[in-house]
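1. Need a 3D model of the sequence below.
(2 chains)
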Amino acid sequence: MKRLASTLCVAAIAAAGIAAVGTQAADVVVGVTGTEIKVGSFGPLTGPVYLYGKLAMNGVEVYFNKLNEGGGVHGRKLVLVREDDFCKPEGAIAAVKKLVYDHKVFAIIGGGCSNSTLAARPEIEKAGVPFHVFAAVADGIVDPPLVNIYTTQLTATVESQAQVQWALDHGAKKLAIIAQHDAWGRSRYEPMLEDFKRRGLAAVADEEVTVDQNDGTAQALRLKSSGADAVMLVGYPKAAAVMIRDSIKIGYKPLWIGQTAIQDLPALQNMIGIGGALSDFVSITTVPGHPDDKQYAEWRERLKNTFPNDDLSVFNLMGIAAAEVFAKVLDTAGKDLTREKFLAAYDTIDNFKSSIYPGPITCKGRHKCNQSPAFVKLENNSVVSAGTIALK
Amino acid sequence: MLILSYLVATGITTGAFYALVALGIVIVYKSTDVVNLAHGELFMVGGMLAYTCYVMAGVPYIPSLLLAVAGAFAVGILTERIAYRPVLQHGLSSVLVATIGVSFILKGIGRYIWGGRGDYLAFPPIVSPEPIEFGNIMIMSQQLVVLLAAMAVMAGLALFFKCTRAGKWMQATASNPKAAVLCGLRIDRIYMYTFAVGAAVAGAAGVLMAPLTHLYPDVGFVLFIKGLAAAVLGGLTSIPGAVLGGLLLGLIEQLAAGYVHSSIQDVVPFLVIMLALSLLPTGLLGARGLRKV
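-> Okay, here's the model as predicted:
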């Protein structure tokens, strides 16, 4: 009896020891325990462009919550830690340092503003923390490629080339540009000029619009005088609404080609107010359809339950879409998670059919995982697919 | 000729925007010698309150407009009582700094309450959104509404300052606060109502212009800068000057963008203002002689 008791004691001590060693082993991986994975996020939570940070992060969190309800990834729940970068370079560097060294996160999914995310790239490279970009579009974030940075957002260059390609594919002969010349606009405008040069084209008009413009009559008159039959619109929704409204006012109706900043077409139509204003307008889309569509009902409800002030928007969906790919990579990396295995798992993502991104996601052999620009248009106040293009 | 007609018409209607904002700035400055740097955010608050009533709650337009103006008036009173009055004894520069603080706070509140509903909130126009023919050109009817409103507000304010006791008290307080106290005026109350009236004008502008500017927490900043430029050009103490400054600013912007290039649209007006102020330091219609700023 005594022998049995002592055998049980030894077994119990051994089991406890093994468990302790197991826990220690799991703890060796930064941000990973036996029960949770700590994931960081940075982007603007406040300030004028909080939409690209806060709302995208709300989307990520909603996706993580859904996963956690089902037991997480390989039994580990995902915990999101947020840091505000105020959309400023110094803010992003500080936010990354805080996430890596204070919060000790396993990986980061974030990057709302291009400039600030670009500024944080060296710090991310130094820390070696895996970084998945969810909203920022500057090519320089992933180009030249770094082993620990991937993006599932369409990049600025891909979008600019796609706008020009769409115009040419649809028979436009005289192409014009109207663009914001702020940092965001330049990250698209300059690759567009390069693309014009590469194709041996010259813009018949090259006009500027500001993000807070309240009237675009002067620009519309200049575009009309140039005889442009297609206009590449590189601007935020307000600038786009003002330009289209005032062009209609002076009787000018070219083919307008927008990009992902103006993909919420019903909202754009509401802002313009004039019936049929978008009959000659197409835009590149990150998410097909409209956030109010039936296909997003589950996300609308989940978002409302967690963040009652949010009406599901494209920004939320950007976060949800990126989180879906991020979770797929985590799942592929397996139960014995390490940063190396996680990064290696990106290279296995090949033609992944996301439930939100319009085209397949491929990270195999490249770090710009999303290279399938799709276009949408408005028909009977519904967003419908206008088609896709093959970049040449 | 058609291009010139369009540019002039657009300059006038855009100028009316700036004039309406400038009027609120002038009212406060005229009575308190303070430029309220939170004026743009009061514009935003007015627009957002109207959006809440009209679009979200389905209240008819006119009651929504009145509620928004009343709300902005109340915010004007609150900000004066909480933020400006306690620092007034430390001088006008302290009040100026307080207005910056209020600007950030109102923007933060705006983001908290009305953020998360899309990047821009579309406010339905109160008149037809289709452009209407005016001579040989087309004009947006909502722009005409703003133009008429700017004229009406200007006339109303001119009458208020000329014909009402409260208006005269405000002017007396601005001219010589110590003498006003000796005459028995309660200048703290006069300051409070001045900030409130300025806020109400900003709120009204916010509602009237919302269908054209659309609404977002930062909508007021650029309009405030343009409104301030218009007020400085016209003369910070002159109500007709605010309107004249606004119209000139709008015209210069449009003509420069139309005939030179759109990239100089935001630059040229400020160059003109710098030139004008070097020749006329008190603005086109401002009070001549030295004034404390």
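2. make it CA atoms for all contacts and neighbour counts henceforth
-> Will do.
3. Can you give me the buried ones in the helix of greatest length in chain B?
-> Ranked by number of residues, the top helix in chain B under DSSP state H is helix B:2-32. For helix B:2-32, the neighbour count (16 or more other Cα atoms under 10 Å in any protein chain shown) marks B:3, B:6-32 as buried.
4. now swap in stretch B:137-144 and tell me
-> B:138-144.
5. got it, and stretch A:102-120?
-> Within stretch A:102-120, judged by 16+ other Cα under 10 Å, the buried ones are A:103-120.
6. check whether it contacts chain B.
-> No. On the criterion Cα under 8 Å from any Cα of the partner chain, stretch A:102-120 is out of touch with chain B, staying 14.2 Å away.
7. any idea how far that stretch is from the chain center?
-> 13 Å (Cα atoms, centre = their mean, to the nearest Å).
8. can you tell me which residues contact A:Lys97?
-> A:Glu123 (Cα atoms under 8 Å, 6 or more residues apart in numbering or on different chains).
9. Can you name the helix or strand that it falls in?
-> Assigned by DSSP states H and E, A:Lys97 belongs to helix A:89-97.
10. ok, back up a step: just the ones of the buried residues of stretch A:102-120 in helices?
-> A:114-120.
11. Nearest to chain B among these?
-> Proximity of these to chain B (Cα to the nearest Cα) peaks at A:Ser114, which lies at 17.6 Å.
12. Name the nearest residue to the closest one, sequence neighbours excluded.
-> Excluding its sequence neighbours, the residue lying closest to A:Ser114 (Cα to Cα, 6 or more residues apart in numbering or on different chains) is A:Ala136, at 4.6 Å.
13. three-state assignment of that neighbour?
-> Following DSSP: H, G, I helix; E, B strand; the rest coil, the label given to A:Ala136 is coil.
14. centroid residue for chain A?
-> With distances taken as Cα atoms, centre = their mean, A:Ala135 lies nearest the centre of chain A, 2.9 Å away.
15. these two touch, right, that one and A:Met318?
-> Yes. Assessed by Cα atoms under 8 Å, A:Ala135 is found in contact with A:Met318 at 6.7 Å.
16. Which residues are in contact with each of those two?
-> A:Ala56.
17. For the stretch 201-350 of chain A, what lies in contact range of chain B?
-> Checking the stretch 201-350 of chain A against chain B by Cα under 8 Å from any Cα, the hits are A:207-209, A:212, A:214-215, A:217-219, A:221-222, A:237-238, A:249-250, A:267, A:270-271, A:273-274, A:309-313.
18. that's a strand at A:Val81, yeah?
-> Yes. Secondary structure assignment places A:Val81 in a strand (three-state DSSP).
19. ok, it - contacts?
-> Contacts of A:Val81 (Cα under 8 Å, 6+ apart): A:38-41, A:99, A:103.
20. mind listing which of the residues you listed are in strands?
-> The members of the contacts of A:Val81 that map onto strands under DSSP state E are A:38-41.
21. Turn these into TSV, including neighbour count and distance to chain B.
-> Formatted as TSV, those follow (neighbours: other Cα atoms under 10 Å in any protein chain shown; distance: Cα to the nearest Cα, whole Å):
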residue	neighbour count	distance to chain B
A:Lys38	21	25
A:Val39	24	23
A:Gly40	26	21
A:Ser41	29	18
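22. Turn the residues you listed into JSON lines, including pLDDT and distance to B:Leu78.
-> Below are the ones in strands among the contacts of A:Val81 laid out as JSON lines (pLDDT from 0 to 100; distance: Cα to Cα, whole Å):
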{"residue": "A:Lys38", "pLDDT": "98", "distance to B:Leu78": "43"}
{"residue": "A:Val39", "pLDDT": "98", "distance to B:Leu78": "42"}
{"residue": "A:Gly40", "pLDDT": "98", "distance to B:Leu78": "39"}
{"residue": "A:Ser41", "pLDDT": "98", "distance to B:Leu78": "37"}
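23. quick one: B:Asp218 and B:Lys107 touch, right?
-> Yes. Counting by Cα under 8 Å, B:Asp218 touches B:Lys107, with 6.7 Å between them.
24. which residues do these two both contact?
-> The contact lists of B:Asp218 and B:Lys107 share B:Glu41, where a contact means Cα under 8 Å, 6+ apart.
25. Check residue 120 and give its pLDDT.
-> Let's take chain A. What the model reports as pLDDT for A:Ala120 is 96.
26. wrong one, I was asking about chain B
-> Residue-level pLDDT assigned to B:Tyr120 equals 83.
27. What about residue 203, how many residues nearby?
-> Chain wasn't specified; assuming chain A. Neighbour count for A:Ala203, taken as other Cα atoms under 10 Å in any protein chain shown: 17.
28. let's do chain B instead
-> When neighbours are counted by other Cα under 10 Å, B:Gly203 comes out with 37.
29. Run through the stretch 1-150 of chain A and note the low-pLDDT ranges.
-> Within the stretch 1-150 of chain A, the stretches with pLDDT under 70 are A:1-27, A:48.
30. Around chain B, which positions in it sit nearby?
-> So the stretch 1-150 of chain A meets chain B at A:46-48, A:51, A:55 (Cα under 8 Å from any Cα).
31. Most neighbours among the residues you listed, which one?
-> Neighbour max across the residues of the stretch 1-150 of chain A next to chain B (other Cα under 10 Å) = A:Leu55, 31 neighbours.
32. Spell out, range by range, the strands that occur in chain A.
-> A:36-43, A:77-84, A:107-110, A:131-133, A:149-151, A:175-179, A:205-208, A:230-234, A:255-258, A:281-285, A:374-379, A:382-388.
33. Outside of the third one itself, list whatever touches it.
-> The reference is to strand A:107-110. Contact with strand A:107-110 is made by A:31, A:38-43, A:53, A:57, A:129-135, A:322-323, A:326, A:339, as judged by Cα under 8 Å, 6+ apart.
34. could you redo the last one with a cut-off of 7 Å?
-> Residues from elsewhere that reach strand A:107-110 (Cα atoms under 7 Å, 6 or more residues apart in numbering or on different chains): A:39-43, A:129-134.
35. Nearest to B:Ala68 among these?
-> Set against B:Ala68, the nearest of those by Cα to Cα is A:Gly43 (33.0 Å).
36. neighbours around that closest one, how many?
-> Residues near A:Gly43, counting by other Cα under 10 Å: 36.
37. ok, back up a step: among the buried residues of stretch B:137-144, which are in strands?
-> Short answer: the buried residues of stretch B:137-144 in strands (DSSP E) are B:138-140.
38. What are the boundaries of the strands in the stretch 51-200 of chain B?
-> B:131-134, B:137-140 (DSSP state E, counting those that start in this stretch).
39. Kindly present the ones you listed as TSV, with separate columns for mean pLDDT and distance to chain A.
-> Output for those, formatted as TSV (pLDDT from 0 to 100; distance: least, Cα to the nearest Cα, whole Å):
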stretch	mean pLDDT	distance to chain A
strand B:131-134	82	6
strand B:137-140	82	6
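40. any chance of those strands in a markdown table, plus distance to B:Leu148?
-> As requested, these are exported to a markdown table (distance: least, Cα to Cα, whole Å):
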| stretch | distance to B:Leu148 |
| --- | --- |
| strand B:131-134 | 15 |
| strand B:137-140 | 13 |
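41. Of all these, which one is nearest B:Ser103?
-> strand B:137-140 (31.0 Å).
42. Just give the strands next to the closest one in its sheet, each with its orientation.
-> strand B:131-134 (antiparallel) (DSSP bridges).
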